[in-house]
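Asks: Provided below for reference: sequence and predicted model.
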Amino acid sequence: MDFIDLKSQYRALKREVDERIQRVLDHGQYILGPEIGELEQKLAAHVGARHCVTVASGTEALLIALMALDIKPGDEVITTPFTFIATAEMIVLLGAKAVLVDAEEDTANIDASKIAAAITPRTRAIMPVSLYGQPADMDQINAVAARHGIPVIEDAAQSFGATYKGRRSCALSAIGCTSFFPSKPLGCYGDGGAIFTDDAALAQAMREIRVHGQSGRYNDTRIGVGGRMDSMQCAVVLAKLGRFDWELERRRALGRRYDELLAPLAPRVRPIKVRPDRTSVYAQYTVRATDRARLEQELKRRGIPTAVHYPLSLHQQPAYAAQYRGQSFPVSEKLAREVISLPMSADLRESDQDAIVAAIGQSLRVAA
Ligand SMILES: Cc1ncc(COP(=O)(O)O)c(C=O)c1O
């Protein structure tokens, strides 16, 4: 059993993917070919944002978004300590400070009620993460931000396709950034990402930053990066779009089914909660386990692959610990000790899901 089954997905989409890739080989415009504009248009429509700028990765999306907002040394950006490292890494890379606000225990997303207390005169942006595929509480976050005139960047690397009060992730705030890393709900076959905004000036700035700050050929009017997504990767995402809505529905159904099957195993295993006003795309299907190490070991013995997202909070990572000495984020630290992700993809079979849950039940009995 695969943790994420990309092989079945490719088998189902082989004709579309192969044709799309062949088309790129035929026209030979590997960088900024016609696939870029086509994908940006389709993604913007899917999300409900005015502008989409494809970029080299989710990490690059965050960097370019922060650069477009002119985040610089001395600035502060509020984010969560319980995320993939790239979120804070890009803030720190620009010389700014990542100010951390603890997570909420049941959803593992940033605790929006604690953000206001972290705002200072140096706060320049708030960057919530829509972790595991479920949007953070974006209305509450946008309201705090609006009171202080601060933009919100949603790190939607894991949540493309999710909804919040009927609106799509990536179009829930001033800027939304996503990733097309192969294992993401909408993935390519290498690195890729996209940024969304309704603001034409920001979109233009991001387009320029993506190509070394060029506003015209060899006319570098701002500092930029080499941050383009290539035509081949755009072609792969385009091929996958035809099946994506079906995949979203399937992921949601499998997520709900996991919740139901696992319910009798509480409190030793408790799924991350999805709030009733949002949907998750389950980039990861994650549970909290009171004895994670034992569960991990027992599942491995039974041939069930698992992963831990994430074993350490940002402030516990060696490269960052010195900056946060003396600070603690108890909820994030607890989540880092307890979370474990189970196999999840649109092509996961119900029979495999039953076997996974049965193996969890057996593992708990062994550990009792
Ligand atoms: C929350 C979060 N932010 C940022 C990223 C970075 O995306 P990428 O791997 O495409 O650079 C990821 C991807 O792993 C992520 O999960």
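Replies: Yes, it's here. Residues are numbered from 1 along each chain as shown.
Asks: so is the helix or strand where M67 lies next to the ligand?
Replies: Assigned by DSSP states H and E, M67 falls within helix 58-68. Yes. For helix 58-68 and the ligand, the contact criterion (Cβ under 6 Å from any ligand atom) is met by G58, T59. Just so you know, the C-beta spots here come from the backbone N, C-alpha and C atoms, and that holds for glycine as well.
Asks: so which residues on the stretch 151-300 of the chain come close to the ligand?
Replies: Counting by Cβ under 6 Å from any ligand atom, the stretch 151-300 of the chain sits next to the ligand at D155, A157, Q158, S179, F181, D191, G193.
Asks: report the two of those separated the most.
Replies: D155 and D191 (16.2 Å; Cβ to Cβ).
Asks: the more surrounded of these two?
Replies: D155 (30 against 19; other Cβ atoms under 10 Å).
Asks: okay, and the beta partners of the more buried one?
Replies: V129, C177 (DSSP bridges).
Asks: pretty sure it contacts S130?
Replies: Yes. With contact defined as Cβ atoms under 8 Å, D155 reaches S130; the gap is 6.9 Å.
Asks: show me the shaky parts of the stretch 201-350 of the chain.
Replies: For the stretch 201-350 of the chain, applying pLDDT under 70 flags no range at all.
Asks: returning to that earlier point: and the residues of the stretch 151-300 of the chain next to the ligand as CSV, adding secondary structure?
Replies: Shown next, in CSV, are these (DSSP: H, G, I helix; E, B strand; the rest coil):
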residue, secondary structure
D155, strand
A157, coil
Q158, coil
S179, strand
F181, coil
D191, coil
G193, strand
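Asks: in TSV, list those along with distance to R270.
Replies: Shown next, in TSV, are those (distance: Cβ to Cβ, whole Å):
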residue	distance to R270
D155	24
A157	24
Q158	20
S179	27
F181	27
D191	34
G193	32
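Asks: could I get those as a markdown table with distance to S113 and pLDDT?
Replies: Listed next are those as a markdown table, based on distance: Cβ to Cβ, whole Å; pLDDT from 0 to 100:
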| residue | distance to S113 | pLDDT |
| --- | --- | --- |
| D155 | 19 | 98 |
| A157 | 24 | 98 |
| Q158 | 22 | 98 |
| S179 | 27 | 98 |
| F181 | 31 | 98 |
| D191 | 35 | 98 |
| G193 | 30 | 98 |
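Asks: how far does the helix holding M67 sit from its chain's centre?
Replies: Remark: helix 58-68 is offset 13 Å from the chain centroid, using Cα atoms, centre = their mean, to the nearest Å.
Asks: all set, thanks.
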